[in-house]
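In: predicted structure and sequence below. I'll ask about it afterward.
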Amino acid sequence: MSEKNPEGKRTARERLAVEREKQKSAERRRRALIVGASVACVLGLAAVIGVIAANAGGHKGGEKAGPVVAPSGALGKDSLAIPVGKDGAKSTLTVWEDFRCPACQAFETAYRPTLHELTDSGKLRIEYHLVTLIDGNLGGSGSLRAANAAACAQDAGKFRDYHDVLYRNQPKETDDAYGSDAKLVALAGKVPGLNTAAFGKCVDDGTHTSWVVKSNKAFQTGGFTGTPTVLLGGKNIYEDRTMTPAKLKQMVEDAAK
């Protein structure tokens, strides 16, 4: 027995040493997993931040958006409205719109001749507010970039014509074709005198990107639910199913008497 006992003690010590080594190995694996998970979380967070920055930033690969630069002649609170028509008009139509929005295109197509007639005659002024609703819903940057380009056209005194060109050439809602600055500059060729070096630089630089972002935030905080939102005397006439171009014309002409 005296000879077997030391052997038993050695075996017990060896088993204990093996068990401790297993525990150490398990602890090392656990720590490695924790570190790996932490790195993954940091990388995941960085990826999320990168996506947010790319969407919120301006042009040139999502670099940080610049200062808020309102287009020439913008008016209203925070200079977020682009006016079309004469200052002395008795009626003002406020339009919140998105250049990727099919309903906005339908409204513009149906009402364009009447709106042109009323603004040209001095009876109506339209205040356009540009938003990026479709970008937010479907992804992409076409709403933002088209709005920036329209603001650049305002700088050149060509907003209404370019505005109409954008709607006449509007891609399908799911097609982010207006996410291409080259496409937006090419469309400027349809407006006489607009496709200049200054316009192209304004579009490429995203000069009014932050202004568009601010306009979109005003839309969100204003309690509006969709585009187009068309206000006359504070009432959303787009929601009035009885409204027609002829009825709108009559309302504006009555107010001008």
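Out: Here it is on my side, so go on. In this text, all values refer to a predicted model and were calculated from it rather than measured experimentally. Numbering: from 1, shown residues only.

In: now residue 229: how far from residue 169?
Out: Here the criterion is CB to CB, to the nearest Å. By it, residue 229 lies 23 Å from residue 169. To be clear about C-beta, it is placed using only N, CA and C from the backbone, and glycine gets the same treatment.

In: so which of these two has more stuff around it?
Out: residue 229 (21 against 15; other CB atoms under 10 Å).

In: quick one: contacts for that one?
Out: Applying CB atoms under 8 Å, 6 or more residues apart in numbering, we find residue 229 in contact with 94, 95, 96, 219, 236, 238.

In: most neighbours among these, please name it.
Out: Busiest of those [other CB under 10 Å] is residue 96, holding 27 neighbours.

In: just give the closest residue to that residue, not the sequence neighbours.
Out: Closest residue to residue 96 apart from its sequence neighbours, by CB to CB, 6 or more residues apart in numbering: residue 229 at 4.1 Å.

In: any idea how far residue 98 is from the one you found?
Out: For residue 229 relative to residue 98 (CB to CB), the value is 10 Å.

In: so where do the strands sit in the stretch 51-200 of the chain?
Out: In the stretch 51-200 of the chain, the strands defined using DSSP state E, counting those that start in this stretch lie at 82-84, 91-97, 124-130.

In: what separation is there between the most centrally placed residue in the chain and residue 178?
Out: Centroid check for the chain by CA atoms, centre = their mean gives residue 132 as the closest residue, at 3.5 Å. Here residue 132 is placed at a distance of 11 Å from residue 178 (CB to CB).

In: give me the low-pLDDT residue ranges for the stretch 101-250 of the chain?
Out: Counting by pLDDT under 70, the stretch 101-250 of the chain shows no low-confidence range.

In: could you pull out the helices for it?
Out: Along the stretch 101-250 of the chain, counting by DSSP state H, counting those that start in this stretch, helices occupy 102-120, 133-138, 142-155, 159-168, 181-187, 197-205, 209-221, 245-256.

In: what's the most buried one of those helices?
Out: The highest mean neighbour count among the helices of the stretch 101-250 of the chain, using mean count of other CB atoms under 10 Å, belongs to helix 142-155: a mean of 28.

In: give me the neighbour count for residue 87.
Out: Number of residues near residue 87 (other CB under 10 Å) recorded here: 8.

In: excluding chain neighbours, what is closest to it?
Out: Leaving out its chain neighbours, the residue that sits closest to residue 87 by CB to CB, 6+ apart is residue 125, at 6.9 Å.

In: ok, the one you found - contacts?
Out: Counted by CB under 8 Å, 6+ apart, residue 125 has contacts 83, 84, 85, 86, 87, 89, 91, 92, 93, 119.

In: who are the contact partners of residue 111?
Out: 245, 248.

In: hmm, I was thinking of residue 92
Out: Counted by CB under 8 Å, 6+ apart, residue 92 has contacts 124, 125, 126, 127, 232.

In: quick check, pLDDT for it.
Out: Looking at residue 92, its pLDDT is 97.

In: bridging residues for it?
Out: Per DSSP bridges, the residues bridged to residue 92 are residue 125.

In: roughly how far does it sit from residue 200?
Out: 32 Å.

In: next: residue 69.
Out: 17 Å.

In: and the gap between the nearest residue to residue 171 once chain neighbours are set aside and residue 203?
Out: Spatially, and ignoring its direct neighbours in sequence, residue 171 is nearest to residue 177 (3.9 Å; CB to CB, 6+ apart). From residue 177 over to residue 203 the distance is 14 Å, taken as CB to CB.

In: before we move on, what about residue 226?
Out: Distance from residue 226 to residue 203, by CB to CB: 27 Å.

In: so what's the residue nearest to residue 171 up against?
Out: So residue 177 contacts 142, 171, 183 (CB under 8 Å, 6+ apart).
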